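Engineer: Give me the fold of what follows.
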Amino acid sequence: RRMYKNIALLSGMWGLGLGAAFVQISSSAFCLIDNGYGTVSSAPLGLIMLLSSPCAVVVPRLANGMGERKVFVLASALGVAGSLVQMAGTMVFREHGSAAQLAMILAGASVQGFTYASSNNLRFAVARFSPPEFLPTATALVLFGGVVSSLFGPLLSNVTRYMIPGADYAGNFLQIALLYFLFGVLAKLTDFEEPVGKRSKGEGDEVDRALGMLLDDSDYRRMEEEEDDNDEYIECLSYNIMALYMSQVPLPLDALGYTPNQGTLVITAHMLGMFVPGLVSGRIIGRVGIWTGTCAGFLVSILGGGVMLVNDSLALFFVGMTLVGVGWNLSFVGPSALVSTIYTPKERADVLGFNDGLMLLTIGIFALTGSQIYKAINSWRVFIYTLIGISALSAFAAVAVGFGTARRGRLKVNAAGDRTREGDAADAADSIDHSEASLEGSLEHITQAVNK
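Structural biologist: Next up, the predicted model:
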């Protein structure tokens, strides 16, 4: 019961944190487009992602030192502060093309880098509340919390966008502040462990010792050293493909004459595609295998891009972006769960920090420059073809890693079998030697008796 309670709370936190971030994507992008800054419309997202990269390295270390609960509450406070700065910018500087408004929107986004890095760490925090065999499902259930973010995120932003008269988008930034506040409330209710230095003797040590004994096995470590980079790189590819679709889709929608509200509904459909599969994706991945599921996810993303190439109707934007979201879920859940389990507790902070830091750095670079890349290409179709090509290469990489993992697994089983057979042979030899010694002793005893 405690496990499910905490998974539900983490799922709610993930939903609120990601919901706020996705409101940020649509609201800041359309706000800048409406104010004549379309060429930098993805800059707020880029700043959040880019600055969250070094924060991702710091967050696990802070969690070890001050406790996960305090880290997430701090993230909540910074998220609220940053979004209120953005709201103030839209309320104070209302004239079209205001550079001051642009500066405040970017400044407020920058503060939220730490918040986004903390939210993203939630998919690893669930490992503390789940047994290893349930972890893919637990991770998927946490990601399912994104359904909440679709309802209280972009979808609700259609209602709040013009809520404050004369200050378009100010209501959106107020909504982001409220979502981050609720994120902090759930963090206070979650049963996070005390930091290592403040634990009572023995508290949490059993879990750490068990994980350490499992993961320090030399054969496991050799296999893990060959796999860990693959997990991280494929996570990066999965997230970047999805983020490039989502961060740039407002530009073609605006160019085709669709309204901001219609664009927000497309992003909402995309988010539902990202998170609704969390109800079943963990079970699917558990049955077909991590790398088979990952490859399938990239193939679904290719299908989503292909649908949007058919024509420019809003309906196909809905279908295509939804499929891209489903593809992200399948290609992201498995590697994330694997990264959560292949390191000892002592390595956890460094490895998770590096993993998210690398991923968010690449996302930040592409998001920050995405609008300029799209404007340089000046074609939504060419942009999609580019992402389809990257998705195809990623699917091939997942297949290659899957075959490599299976081969190493067979080698490990064969090696274990050889050791078992060697051990059995040694035991048999010992038994024969013991029998021979007993027989020799008996013969000697009989000889002595006859001589007497």
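Engineer: shaky segments in the chain?
Structural biologist: Along the chain, segments meeting pLDDT under 70 span 1, 123, 136, 148-152, 154, 194-232, 337-356, 367-368, 406, 408-452.
Engineer: ok, now with 50
Structural biologist: 201-227, 439, 442-443, 446-447, 449-452 (pLDDT under 50).
Engineer: Would you state the helices of the stretch 1-150 of the chain in chain order?
Structural biologist: Remark: helices assigned in the stretch 1-150 of the chain by DSSP state H, counting those that start in this stretch are 2-34, 43-66, 68-92, 99-111, 113-120, 122-125, 135-144, 146-152.
Engineer: In a markdown table: these, plus mean neighbour count.
Structural biologist: Bear in mind the C-beta positions are built from the backbone N, C-alpha and C, glycine included. Below are the helices of the stretch 1-150 of the chain laid out as a markdown table (neighbours: other Cβ atoms under 10 Å):
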| stretch | mean neighbour count |
| --- | --- |
| helix 2-34 | 24 |
| helix 43-66 | 22 |
| helix 68-92 | 22 |
| helix 99-111 | 20 |
| helix 113-120 | 27 |
| helix 122-125 | 24 |
| helix 135-144 | 25 |
| helix 146-152 | 22 |
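Engineer: Ok, which of those comes nearest Met163?
Structural biologist: Of all the helices of the stretch 1-150 of the chain, it is helix 68-92 that lies closest to Met163, at 11.0 Å by Cβ to Cβ.
Engineer: re earlier: looking at the helices of the stretch 1-150 of the chain, which is closest to Thr386?
Structural biologist: Closest among those, once you apply Cβ to Cβ, is helix 43-66, at 18.0 Å.
Engineer: Pull out the C-alpha coordinates of the closest one and format them as PDB.
Structural biologist: This file holds the C-alpha atoms of helix 43-66, laid out as PDB (Å, rounded to 0.1, in the frame of the first residue of the first chain):
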ATOM      1  CA  ALA A  43      14.200  30.300 -26.800                       C
ATOM      2  CA  PRO A  44      12.300  30.000 -23.400                       C
ATOM      3  CA  LEU A  45      12.200  26.200 -23.800                       C
ATOM      4  CA  GLY A  46      15.800  26.200 -24.900                       C
ATOM      5  CA  LEU A  47      16.900  28.200 -21.900                       C
ATOM      6  CA  ILE A  48      15.000  25.900 -19.500                       C
ATOM      7  CA  MET A  49      16.500  22.800 -21.000                       C
ATOM      8  CA  LEU A  50      20.000  24.200 -21.400                       C
ATOM      9  CA  LEU A  51      20.200  25.500 -17.800                       C
ATOM     10  CA  SER A  52      18.600  22.400 -16.400                       C
ATOM     11  CA  SER A  53      21.600  20.400 -17.700                       C
ATOM     12  CA  PRO A  54      24.000  21.500 -15.000                       C
ATOM     13  CA  CYS A  55      21.200  21.500 -12.500                       C
ATOM     14  CA  ALA A  56      20.600  17.800 -13.400                       C
ATOM     15  CA  VAL A  57      24.100  17.100 -12.200                       C
ATOM     16  CA  VAL A  58      23.500  19.000  -9.000                       C
ATOM     17  CA  VAL A  59      20.000  17.700  -8.100                       C
ATOM     18  CA  PRO A  60      21.000  14.100  -7.200                       C
ATOM     19  CA  ARG A  61      23.900  15.300  -5.000                       C
ATOM     20  CA  LEU A  62      21.600  17.800  -3.300                       C
ATOM     21  CA  ALA A  63      19.100  15.000  -2.700                       C
ATOM     22  CA  ASN A  64      21.900  13.000  -1.000                       C
ATOM     23  CA  GLY A  65      22.900  15.900   1.200                       C
ATOM     24  CA  MET A  66      19.600  17.600   2.100                       C
END
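Engineer: Run the angle between it and helix 68-92 for me.
Structural biologist: Orientation check (axes from the mean of the first three to the mean of the last three Cα atoms, to 10 degrees): helix 43-66 against helix 68-92 gives 150 degrees.
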